[in-house]
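Student: Please find the sequence and the predicted model below.
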Amino acid sequence: GVTIGAQVGYPDLVGFGRRFIDMEFGALVDALLYQISALEGLARVEGSNVRFVKPHGALYNAIVHHESQANAVVEAMIQHGGALALVGLPGSTVETVARRRGIRFIGEGFADRRYTPDGRLVPRSEADALITDDEAAIEQAVRLAGRGVATICVHSDTPGASRMARSIRDALVAAGFTLAPVGS
């Protein structure tokens, strides 16, 4: 019941993809296409396939408003064949670009991150950006699902992430939501 997604980002190994890089359009398309294709090849060897793309870190945050980089993400997906879904922040520039260019968009909510009043993620550099309390994360996840987000993220490096994810799953089922793998 699990699907594989390519979590693509800037070629920023030292910064774990959490630093913005103002890459030229073609270079960013090439970097992302390489990442998607490499994972697709590995998945195929294991008898599976990639079903969706989710930008990571600084790229995820940039394409909320950065039109050129949003277009580069979508262009890489189109060059890959256009069949993969794109996971991203609802109301973002990349959602508009994806829908305009025929890429299926899946709106995502974060159980373990705080939001700004305008619906963006609070930067990790701020003290209370991360939600580590299970009850607060559960409440946020159920609220986001009720507002129509189709997938909920819990970061694996959030303290207690596995326990938190199980608790959120149970709460969503109890609230009447039907769960399915992303991109299915």
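Tutor: Good, I have the coordinates. This is a predicted model, so every value here is computed, not measured. Residues are numbered from 1 along each chain as shown.
Student: All the strands of this structure, residue numbers only.
Tutor: For the chain, the strands defined by DSSP state E occupy 4-6, 50-53, 85-88, 105-110, 151-153.
Student: Which of these has the highest mean neighbour count?
Tutor: strand 85-88 (a mean of 24; mean count of other C-beta atoms under 10 Å). No exception for glycine: its C-beta is placed from N, CA and C like everyone else's.
Student: Could you list every helix and strand that that one packs against?
Tutor: strand 50-53, helix 67-80, helix 93-100, strand 105-110 (3 or more C-beta pairs under 8 Å, 6 or more residues apart in numbering; DSSP states H and E).
Student: then the first one to CSV, C-alphas only?
Tutor: Yep, that's strand 50-53 we're talking about. The C-alpha trace of strand 50-53 is given here as CSV (Å, rounded to 0.1, in the frame of the first residue of the first chain):
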residue,chain,number,x,y,z
VAL,A,50,7.7,6.3,-9.2
ARG,A,51,4.2,7.7,-8.9
PHE,A,52,4.7,11.3,-7.9
VAL,A,53,7.2,14.1,-7.5
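Student: That strand pairs with which strands?
Tutor: Strand 50-53 sits in its sheet next to strand 4-6 (parallel), strand 85-88 (parallel), going by DSSP bridges.
Student: Thank you kindly, that will do.
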